[in-house]
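**Student:** After the sequence you'll find the predicted model.
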Number of protein chains: 4
Amino acid sequence: MKLLLTGFDPFGKDDINPSFEAVKKMPDKIEGIDILKLEIPTIFNKCAEIIHQQIVETKPDIILCIGQAGGRYAITPERVAINLDDARIADNAGQKPVDRKIKNDGQTAYFSQLPIKKMSKAIISSGLHSCVSNSAGTFVCNHIMYQVQYMIDKEFNNIKAGFIHIPFLPSQIINRPNMPCLSLEDDVRGLTAAIKAITQ
Amino acid sequence: MKLLLTGFDPFGKDDINPSFEAVKKMPDKIEGIDILKLEIPTIFNKCAEIIHQQIVETKPDIILCIGQAGGRYAITPERVAINLDDARIADNAGQKPVDRKIKNDGQTAYFSQLPIKKMSKAIISSGLHSCVSNSAGTFVCNHIMYQVQYMIDKEFNNIKAGFIHIPFLPSQIINRPNMPCLSLEDDVRGLTAAIKAITQ
Amino acid sequence: MKLLLTGFDPFGKDDINPSFEAVKKMPDKIEGIDILKLEIPTIFNKCAEIIHQQIVETKPDIILCIGQAGGRYAITPERVAINLDDARIADNAGQKPVDRKIKNDGQTAYFSQLPIKKMSKAIISSGLHSCVSNSAGTFVCNHIMYQVQYMIDKEFNNIKAGFIHIPFLPSQIINRPNMPCLSLEDDVRGLTAAIKAITQ
Amino acid sequence: MKLLLTGFDPFGKDDINPSFEAVKKMPDKIEGIDILKLEIPTIFNKCAEIIHQQIVETKPDIILCIGQAGGRYAITPERVAINLDDARIADNAGQKPVDRKIKNDGQTAYFSQLPIKKMSKAIISSGLHSCVSNSAGTFVCNHIMYQVQYMIDKEFNNIKAGFIHIPFLPSQIINRPNMPCLSLEDDVRGLTAAIKAITQ
């Protein structure tokens, strides 16, 4: 069994993105599952093209995308992606879509196929706080979660996919007072627990 | 040169206290300074007696007390201790003083002799957020910071002393939603940087 | 033109709900629009039956539902409702659905027909903070927003509808430290500005 | 009996200061006490000179200074003022003292003579959240609280004095996301309750 695990490159004013930093540090095998790691760009559509190509080439059974959610206190599996791009800042290609439908022939929203509550409980059992989130926002994180679901809907019906948001790293909050953080070690521990929960 | 480094035992509803957990993991020597580690009880007055005895026995040059500040986002060196105990919960001996002077012949407040801003900057340079705090509260943390200053004032004029508050550990916020945390590894890194700043 | 404006009755541990308190204090006419005020129970499905009956009887052009979002700092127009009930506490009839679809033949989600960004800007112009929210949660607020959209989709195609969340009242945060609040007067001011933005 | 009630003029990037706005709206008489209202400048030392002159001229029995504490969720009576100015931003005369003693012959800190817990309870009874604060910061608020206590210590032994911090107004948080606020009406209600508690 293969799990495609993606993280984003840095965006906005940050020169680091905890999502791919954590992905890089993850084990290559978890409970017998091969973990295929992939960095994707924080660019609308482009990130989806790259994942689509990777699906065709490597035929993963599960796709789990990781993204940064600055301001969150915990590792949060996402429940749902909505058919909408609405960016407050530019992506890494300078795109800043406002109130734009992602796919004209896509559903209004897609729910994750992953066991989000079981994943959240597993993260808690690993010693970290976690809860399910009901919004992945309207930037590239929601975009890729939606796009992957759209691919599943239209093309790859057997794949199960989902998204997990992680907090800022400690180094990212130095100039952001009253912002919570989580260490890379804790990210890796929590994400590993979540993946075990998916595969059991 | 010797630095006495203290941490508290767990109190309230927690079965762990990040302060002594961090102290235990600290190096035994930092930049040539001997680090003497001591666990003190979260008990008004009793904690001061134990430190007093330790001062007499080991003659430290510097005393740095570490305490837990649940709710804080960063490692925060304290600027000042006030002559007042005012407990909302009982200490570990069941004492719950309300609006009680700590020492009738003590000053209204004592400022730390440690270079708190330099320490804060050193913590930031180590990759973590930090800022100076202007209140150590009115529970046992402020109490011991005040008591040590009182001892310096009355008896041990050559000692320099101070206090640093650290956030909850990740495991402590599992049932405390929207509370920030910091890992033990980051506590150790930040405190080590702060101690280097003291001794340079 | 008629606007049906609903607020909920109190739920959980609160004996007041800012949403119907605000609705009660709203003017009966705003910019020539008749404001029809309705209290609905914080009960899954039941609240929808009551609104359905009201639509049949009064034929409103616009439906705006107001709900309490404890913990929010501002008046927040909601963008989208999802096809899911997932309650952490019981509603006022003791129901506590978990991961339950609201309508088997409904869309995965519905977007509001109201000009949410224009409403948000109008609230700001009235002197209050506001931003668009991308999740109405999974309790009765999201439920009624979804149910009204479902009615529009299946039965009342000409109605436009939406939802606005408002913060706790000052009296509700007395025993909830570090929780933001907004006064009833400010709620009324912000909601009035939002309704003007809808109708212009 | 006379109570001198002061509020500050706007400072930093704000063009309004809730403290004097609230003071202006307070009744002129509370439970038989004459309320003398005074705007003081957000300027180190200058604010103290103005209050000193006012004391000489009007001979108040009680002095209560009000100040803005952006970020606080509640009306908070202050317990203690420390002998230290440490400004992160310039005052309204461009002064930005760093780690400067306020008075060389003053105590390290002064406690308020006002019944801070009784005041806090009275604010709560008026329907608002409140708690005692243990730090008035190190800007002009702490400065004036300290200066007034110093005047009492050295010159006007019969005066009782204290300080209350109030949150941002709703209009001040429009461009400050995730910041709590309180309305002017609630400020006036809470401060009136606090003054009644002082005089009873």
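**Tutor:** Received, thanks. Numbering: from 1, shown residues only, chains lettered A, B, ... in the order given.
**Student:** Could you use CA atoms for every contact and neighbour count after this?
**Tutor:** OK.
**Student:** Would you mark the buried spots in stretch A:14-34?
**Tutor:** For stretch A:14-34, burial by neighbour count (16 or more other C-alpha atoms under 10 Å in any protein chain shown) applies to A:16-24, A:26, A:33-34.
**Student:** An error on my part: the question was meant for stretch A:177-195.
**Tutor:** In stretch A:177-195, counting by 16+ other C-alpha under 10 Å, buried: A:179-184, A:186-195.
**Student:** what is the mean pLDDT for it?
**Tutor:** Regarding stretch A:177-195, the rounded mean pLDDT is 97.
**Student:** what about residue A:128, how many residues close to it?
**Tutor:** 25 (other C-alpha atoms under 10 Å in any protein chain shown).
**Student:** That one contacts residue B:174, doesn't it?
**Tutor:** Yes - distance between residue A:128 and residue B:174: 5.9 Å, which falls inside the contact criterion (C-alpha atoms under 8 Å).
**Student:** pLDDT weak spots in chain A?
**Tutor:** Scanning chain A for pLDDT under 70 picks out no residues.
**Student:** and the residue positioned nearest the centre of chain A, what element?
**Tutor:** Centroid-nearest residue in chain A: residue A:66, 2.6 Å away (criterion: C-alpha atoms, centre = their mean). Per DSSP states H and E, residue A:66 falls inside strand A:62-68.
**Student:** Could you check how far that strand is from the centre of its chain?
**Tutor:** Relative to its parent chain, strand A:62-68 has a centroid offset of 3 Å by C-alpha atoms, centre = their mean, to the nearest Å.
**Student:** Return the distance of the following helix or strand past that strand from the chain's centre.
**Tutor:** Next in sequence after strand A:62-68, counting helices and strands by DSSP H and E, comes strand A:76-77. From the chain centre to the centre of strand A:76-77 is a distance of 9 Å (C-alpha atoms, centre = their mean).
**Student:** I'd like the next helix or strand past strand A:76-77.
**Tutor:** Next in sequence after strand A:76-77, counting helices and strands by DSSP H and E, comes strand A:80-82.
**Student:** partner strands of that next one, parallel or antiparallel?
**Tutor:** Strand A:80-82 pairs in its sheet with strand A:109-111 (antiparallel), by DSSP bridges.
**Student:** Run through who's touching the partner strand.
**Tutor:** Contact with strand A:109-111 is made by A:79-83, A:146, A:149-150, C:82, C:108-109, as judged by C-alpha atoms under 8 Å, 6 or more residues apart in numbering or on different chains.
**Student:** before we move on, back to that, from memory the residue nearest to the centre of chain A sits against residue A:165, does it?
**Tutor:** Yes - assessed by C-alpha under 8 Å, residue A:66 is found in contact with residue A:165 at 5.8 Å.
**Student:** Using the three-state scheme, assign residue A:186.
**Tutor:** The three-state assignment at residue A:186 reads helix, by DSSP: H, G, I helix; E, B strand; the rest coil.
**Student:** and what of the one 10 residues further on?
**Tutor:** Here residue A:196 takes the helix state, with states given by three-state DSSP.
**Student:** what's the straight distance from one end of stretch A:25-36 to the other?
**Tutor:** End-to-end distance of stretch A:25-36 (C-alpha to C-alpha, to the nearest Å): 12 Å.
**Student:** Get me the contact residues on chain A for chain B.
**Tutor:** For chain A, the residues in contact with chain B (C-alpha under 8 Å from any C-alpha of the partner chain) are A:72-73, A:124, A:127-130, A:170-171, A:173-175, A:177-183, A:186.
**Student:** Just the ones in helices from the residues you listed, please.
**Tutor:** Among the residues of chain A next to chain B, the residues falling in helices (DSSP state H) are A:124, A:186.
**Student:** Paired strands for the strand holding residue A:66, with orientation please.
**Tutor:** strand A:2-8 (parallel), strand A:160-166 (parallel).
**Student:** what's that strand in contact with?
**Tutor:** Strand A:62-68 is contacted by residues A:2-8, A:17-20, A:23, A:141, A:144-145, A:159-168 when judged by C-alpha under 8 Å, 6+ apart.
**Student:** before we move on, what about stretch A:87-98?
**Tutor:** A:11-12, A:41-44, A:85-86, A:138-140.
**Student:** Work out for me the element the closest residue to residue A:144 other than its chain neighbours sits within.
**Tutor:** Nearest-residue entry for residue A:144: residue A:48, 6.1 Å, with adjacent residues in sequence omitted and distances by C-alpha to C-alpha, 6 or more residues apart in numbering or on different chains. Element membership for residue A:48, per DSSP H and E: helix A:46-58.
**Student:** Are we agreed that residue A:88 is in a helix?
**Tutor:** No - secondary structure assignment (three-state DSSP) places residue A:88 in coil, not in a helix.
**Student:** Quick check: buried residues in the strand holding residue A:66?
**Tutor:** Going by 16+ other C-alpha under 10 Å, strand A:62-68 has these buried residues: A:62-68.
**Student:** Now render those as CSV, adding distance to residue C:52.
**Tutor:** Formatted as CSV, those follow (distance: C-alpha to C-alpha, whole Å):
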residue, distance to residue C:52
A:62, 42
A:63, 41
A:64, 41
A:65, 40
A:66, 41
A:67, 40
A:68, 41
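**Student:** now for those residues, which pair is the farthest apart?
**Tutor:** A:62 and A:68 (20.1 Å; C-alpha to C-alpha).
**Student:** Tell me the one of the buried residues of stretch A:177-195 nearest residue A:54?
**Tutor:** residue A:195 (19.5 Å).
**Student:** you'd agree the closest one is up against residue A:119?
**Tutor:** Yes - proximity of residue A:195 to residue A:119 meets the contact threshold set by C-alpha under 8 Å, at 7.3 Å.
**Student:** Residue A:197: neighbouring residues, count only.
**Tutor:** 19.
**Student:** let me fix that: residue A:78
**Tutor:** 24.
**Student:** One more: residue A:137?
**Tutor:** Residues contacting residue A:137 under the criterion other C-alpha under 10 Å number 19.
**Student:** and it, what is it in contact with?
**Tutor:** Residue A:137 touches residue C:134, counting by C-alpha under 8 Å, 6+ apart.
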